[in-house]
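In: sequence and predicted model, in that order:
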Amino acid sequence: MTLLTVWADTDADTALLQSTDAAEISEALKPLGVSYANWPLRDVAADAGQDAVLAAYADEVERIKVAEGFIKVDVVGLHPSDDPSWPETAAGARAKFLNEHKHDDDEVRFFVAGAGVFYLHVDGKVFAVLCEAGDLLSVPAGTTHWFDMGTQPSFT
């Protein structure tokens, strides 16, 4: 279940807003220029590769590419493995995105499987958006944010 929690950046103990309602989440993020939507899930394996994911969501991806003028589309997935280096790989991947950062371009993410939390730091508030399969989040260029995929990442 998608969850939005908002705190003042000086008081992480007191939530200003907490909601699982998709319409309320969308409305709360709109003033930040952040778009939230939920797409119907297609029959795609949780660990599907780029070609399978892009084929399954071809119409939706094309619509966003045209509307936003995007050229590049990629699929990112990280799933637990029996490989002995998995814990190190997972920790390294997680650490890479935990620091606050900004992008020169919009960052649009759609969750085919799994979950992760996007934290947006805007106007003295932190907006934590727990995204799960079916969730689409579009973060505008220049927005301070970070992403936490958890200690046992599993998402596409």
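Out: Looks like it came in fine. Residues are numbered from 1 along each chain as shown.
In: need the pLDDT of Ala48.
Out: Looking at Ala48, its pLDDT stands at 88.
In: centroid-wise, who is the farthest residue in this structure?
Out: Note on the chain: the largest separation between a C-alpha and the mean C-alpha position, by Cα atoms, centre = their mean, falls on Pro84 (27.4 Å).
In: run through the residues that contact that residue.
Out: By Cβ atoms under 8 Å, 6 or more residues apart in numbering, Pro84 lies in contact with nothing. Every residue, glycine included, has its C-beta placed from N, CA and C.
In: now it: how far from Arg42?
Out: Taking Cβ to Cβ, to the nearest Å as the measure, Pro84 falls 33 Å from Arg42.
In: now the residue farthest from the centre of the chain: which helix or strand?
Out: Secondary structure assigned from DSSP states H and E places Pro84 in neither a helix nor a strand.
In: distance-wise, check it relative to Val73.
Out: Counting by Cβ to Cβ - Pro84 and Val73 are separated by 33 Å.
In: helices of this structure, start to end?
Out: Secondary structure of the chain (DSSP state H): helices at 22-29, 50-56, 58-68, 86-98.
In: nearest residue to Ala56 in space, ignoring adjacent ones along the chain?
Out: Leaving aside its chain neighbours, Ala56 sits nearest to Arg42 (4.0 Å; criterion: Cβ to Cβ, 6 or more residues apart in numbering).
In: what about that neighbour, how many neighbours?
Out: 15 (other Cβ atoms under 10 Å).
In: give me the pLDDT value at it.
Out: 94.
In: from what I see, it and Ala55 are in contact.
Out: No. Counting by Cβ atoms under 8 Å, Arg42 stays clear of Ala55, with 9.2 Å between them.
In: tell me the contacts of Ala48?
Out: Ala48 sits in contact with Ala56, Val75, Gly77, Val112, Ala113, Thr156, where contact means Cβ under 8 Å, 6+ apart.
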